[in-house]
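> A predicted structure for the sequence below; I have some questions about it.
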Amino acid sequence: MWRYIVRRIIFSIPVLFISSVLVFMTIKATTDPVAAASLSPRFTPETLQQLREDLGLDRPPIEQYTSWLGGFLQADWGDSIITNRPVFPDMMKALWNTIILGIVGVGVSLVIGVGIGIYSALRQYSPFDYVATSFAFVGLSLPTFWFALMVQLVLGVYLTRWFNLEQPIFYTTGMSTPGVEGFDLLDRSRHMALPVLVLAVQIIAVYSRYMRASMLEVLHSDYMRTARSKGVRERRVVVRHGVRNALIPLTTQVAIDIGAIAGGLIITETIFSWPGMGSLFIRSIELGDYTVVLPWVMITVTFVIAFNLVADILYAALDPRIRYA
Amino acid sequence: MREDLQEELKAGGVHVSAEAAAEAAAEAAIAAELPEVATEAMTQRQLAWRRFKRHKLAMASAVILILITFSTLFAPLIARYEYAQLDLEALTEGPSLDHFMGTDTLGRDEFTRVLYGGRISLLVGIAVAVSAGIIGTIVGSIAGYYGGWVDNLLMRVTDLFLAIPFLVTLVIASLALRGTVPTPWDIIIVLTLFFWMAEARIVRGLFLSLKEKEFTEAARSLGASNRRIIFLHLMPNAMGPIIVGLTLAVAAAILTESALSFLGFGVQPPTPTWGNMLAESRNQITAAPWLLWFPGLMILLTALCVNFLGDGLRDALDPHQRVSDA
């Protein structure tokens, strides 16, 4: 087991390295770091040249890459060329905000999705199963941004209008009300409810289908019959022998999804003005701020690779039938 | 037990034929009692069609998709306006008899624009799915069939493409096109580059198991070349899942194109697409919500129908599914 884990970790290092080279090359090729500055009347051709030299853009590409990588690994990410603020603390804050939103979204979806999946499998082809299946298909076919806008419109604007409320029940933008000091759970929940709803509807669709399929497979397996014929109570058979085994494939899926959170909430965050990684990315791209985009992509890629690794290890650890080859 | 078996085997020829004769007689007796039923041989394709017809939702979806496709193709015949035609008398009007889906802030007929927008969305969806399907199938079949280092290399490349967040690559790739106005074809190429991985994985998995099957062994021992085995023996057997994957990719591509257009990195106005129509109307969300209802509902309806179609095809193309007339 340990050998397997160590091997997998060692294997993911070259993948990370190659990704960093590719990311660096792509961003170098597609963005012009001084483009924003060159539009400003404050810069003359001479000062622009000076800026290029300061940023090290006149050096050979390999040198640029190694110096960037060195800085990146030491959490010295430099200052943003647009805002002049240090990149590292800003991005850590954005990352934290995104992780909060993502974890709550995945957590809520997990509980509801697993529940729906189990019940659908136990009552296959029942009305509940049909309704759940139809909803899952709708969830999978929803365009995220449109759904988010509709949620804002109906639950944010119309709800307030219909009930003549003085202030909305759910806020449609931001993370907290200006003026609210520190952490206020109620205020935070009212800001989080709508983005979490948007995330959850889609994730629940995936998890409930996934759970239903794996639960159906487990229900037809021999050890379920064995457990029943031993005289184990039905409830215990379903929970202990059924659900626990059916959860194994979902566990890996959840691990992969958590890895995708860091860079995966772009649309939801943009629409709800959630101050996370997604909003940061769109803002930096629009401003052409490569000093932010570069570490941004590296962080998100690292997350995906790391959690894929976690998924593989979890799968091997939870299912003894997997060979550690 | 073993002796019994051997006894039986020795007597095999006679024994079996005697039993078969008895069975045939019994069947003839039953057949004589039943009213005559015409049975005809059916090809795999006919069987698949029969299975598909049983999936009511998939059938309905196919019909709706055909309707949507034709109405976008024949948009000039259906629409009473031009998609860029301004009507300064009717700015931002709600749905009415003159304008089924209302008009936008420039007085353009929303219904017309939804029809024309569908052209791009469908074109992008289908073109991306087909081209990505072809790339994915080739990569997957080579990886699965040859195995070893070829497989390792190709799958690591696939992992690499999967590791980078999807929208990010798309945004960066379309940034490379900035300065030029990206045409639908640019978007198709960019989307294709990041859409082939799922198909590659599916096909690889299928080929890994198919290449161990007896019929592959038989083909190889008859001297068939690798290329012949891949294309004539393995590929037809993998066709079901390949087609299903391709169908689901159409829905995903339509959704992604609309998201990309919405973020402002897709097909640019004045060419209407469902995605950029939503992006343009975003600020009118409270003033003119109908501008958001219709393009969004069209994306949802199209994606939903494609997904149901994929589900129906999954059942229909799986030869293990029983065909009954029930």
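Structure received. Residues are numbered from 1 along each chain as shown, chains lettered A, B, ... in the order given.

> and the gap between the closest residue to B:F161 other than its chain neighbours and A:S19?
Nearest residue to B:F161, sequence neighbours excluded (C-beta to C-beta, 6 or more residues apart in numbering or on different chains): B:M197, at 5.3 Å. (Glycine included, C-beta is placed from N, CA and C.) Using C-beta to C-beta, to the nearest Å, B:M197 is found at 15 Å from A:S19.

> okay, which residue is most central for the chain?
Defaulting to chain A. A:I261 (0.9 Å; C-alpha atoms, centre = their mean).

> not quite, go with chain B.
Note: chain B centre (C-alpha atoms, centre = their mean) maps to B:T247, 0.4 Å.

> give me the pLDDT value at it.
Note for B:T247: predicted pLDDT of 85.

> for chain B, give me the ranges with low pLDDT.
The model of chain B has pLDDT under 70 over residues B:1-40, B:84-94, B:96-101, B:104-107, B:164-181, B:319-326.

> for the lengthiest helix in it, buried residues please.
As assigned by DSSP state H, the longest helix anywhere in chain B is helix B:110-146. Neighbour-count burial for helix B:110-146 flags B:110-133, B:135-137, B:139-145 (criterion: 16 or more other C-beta atoms under 10 Å in any protein chain shown).

> cool, stretch A:91-102 as well?
Neighbour-count burial for stretch A:91-102 flags A:M91, A:A94, A:L95, A:N97, A:T98, A:I99, A:I100, A:L101, A:G102 (criterion: 16+ other C-beta under 10 Å).

> can you put those in TSV and add secondary structure and pLDDT?
Shown next, in TSV, are the buried residues of stretch A:91-102 (DSSP: H, G, I helix; E, B strand; the rest coil; pLDDT from 0 to 100):
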residue	secondary structure	pLDDT
A:M91	helix	89
A:A94	helix	91
A:L95	helix	92
A:N97	helix	91
A:T98	helix	93
A:I99	helix	93
A:I100	helix	91
A:L101	helix	92
A:G102	helix	93
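
> of those residues, which is the nearest to B:I202?
Taking C-beta to C-beta as the measure, B:I202 lies nearest A:G102 of the buried residues of stretch A:91-102, at 27.3 Å.

> is it true that the closest one touches A:I258?
Yes: using C-beta atoms under 8 Å, A:G102 is in contact with A:I258, at 7.1 Å.

> can you tell if the helix or strand that contains A:I256 touches chain B?
A:I256 belongs to helix A:244-264 when elements are defined using DSSP states H and E. Yes: using C-beta under 8 Å from any C-beta of the partner chain, helix A:244-264 reaches chain B at A:A260, A:A262, A:G263, A:G264.

> of those residues, just the buried ones, PyMOL syntax please.
Burial among those is assessed by 16+ other C-beta under 10 Å; the matching PyMOL selection reads:
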select buried, chain A and resi 260+262+263+264
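
> ok, of the residues of helix A:244-264 next to chain B, which one's closest to A:Y119?
Set against A:Y119, the nearest of these by C-beta to C-beta is A:A260 (26.9 Å).

> dump the residue contacts of the residue nearest to the centre of chain A.
Shown in contact with A:I261 (C-beta atoms under 8 Å, 6 or more residues apart in numbering or on different chains): A:T98, A:I99, A:G102, A:I103, A:V106, A:F303.

> and the residues you listed as a markdown table, adding distance to chain B?
Shown next, in a markdown table, are the contacts of A:I261 (distance: C-beta to the nearest C-beta, whole Å):
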| residue | distance to chain B |
| --- | --- |
| A:T98 | 12 |
| A:I99 | 15 |
| A:G102 | 13 |
| A:I103 | 17 |
| A:V106 | 16 |
| A:F303 | 9 |
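
> now render these as a markdown table, adding distance to A:V232.
Shown next, in a markdown table, are the contacts of A:I261 (distance: C-beta to C-beta, whole Å):
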| residue | distance to A:V232 |
| --- | --- |
| A:T98 | 44 |
| A:I99 | 40 |
| A:G102 | 38 |
| A:I103 | 35 |
| A:V106 | 32 |
| A:F303 | 41 |
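
> pick the one among the residues you listed closest to B:A60.
The nearest one, if we look at the contacts of A:I261 relative to B:A60 and count by C-beta to C-beta, is A:V106, at 33.4 Å.

> tell me what angle the helix or strand encompassing that closest one forms with helix A:244-264.
If you go by DSSP H and E, A:V106 is part of helix A:87-122. With axes from the mean of the first three to the mean of the last three C-alpha atoms, to 10 degrees applied, the angle from helix A:87-122 to helix A:244-264 works out at 150 degrees.

> packing partners of helix A:87-122?
Contacts defined by 3 or more C-beta pairs under 8 Å, 6 or more residues apart in numbering or on different chains; DSSP states H and E place helix A:87-122 against helix A:127-141, helix A:185-219, helix A:244-264, helix A:266-271, helix A:277-287, helix A:290-318.

> which one of those is the most hemmed in?
Using mean count of other C-beta atoms under 10 Å in any protein chain shown, the stretch among the helices and strands packed on helix A:87-122 with the largest mean neighbour count is helix A:266-271, at a mean of 24.

> how many other residues sit next to A:Y171?
Counted with other C-beta atoms under 10 Å in any protein chain shown, the neighbours of A:Y171 add up to 22.

> pull the distance from stretch A:141-161 to the chain's centre.
The chain centre lies 21 Å from the centre of stretch A:141-161; the measure is C-alpha atoms, centre = their mean, to the nearest Å.

> how about A:N164, secondary structure?
For A:N164, the secondary structure call by DSSP: H, G, I helix; E, B strand; the rest coil comes out as coil.

> return the residues in contact with A:Y223.
Going by C-beta under 8 Å, 6+ apart, A:Y223 touches A:H241.

> same deal with A:S273?
Contacts of A:S273 by C-beta under 8 Å, 6+ apart are A:T173, A:G174, A:S279.

> A helix includes it, no?
No: going by three-state DSSP, the assignment for A:S273 is coil, not a helix.

> so is the strand or helix carrying B:V190 next to chain A?
Secondary structure assignment for B:V190, by DSSP H and E: helix B:184-193. No: judged by C-beta under 8 Å from any C-beta, helix B:184-193 stays clear of chain A, getting no closer than 11.7 Å.

> just want the angle from that helix to helix B:110-146.
Using the same axes, to 10 degrees: helix B:184-193 against helix B:110-146 is 40 degrees.

> which strands and helices lie in contact with helix B:184-193?
helix B:110-146, helix B:166-176, helix B:235-262.

> tabulate the residues of helix A:244-264 next to chain B (a markdown table), appending distance to B:L160 and pLDDT.
As requested, the residues of helix A:244-264 next to chain B are exported to a markdown table (distance: C-beta to C-beta, whole Å; pLDDT from 0 to 100):
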| residue | distance to B:L160 | pLDDT |
| --- | --- | --- |
| A:A260 | 15 | 85 |
| A:A262 | 17 | 83 |
| A:G263 | 15 | 79 |
| A:G264 | 17 | 76 |
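
> which one among the residues of helix A:244-264 next to chain B gets closest to A:A75?
Closest approach to A:A75 among these (C-beta to C-beta): A:A262, at 16.5 Å.

> grab the nearest non-local neighbour of the residue nearest to the centre of chain B.
In space, B:T247 is closest to B:G310, 3.8 Å off (C-beta to C-beta, 6+ apart).
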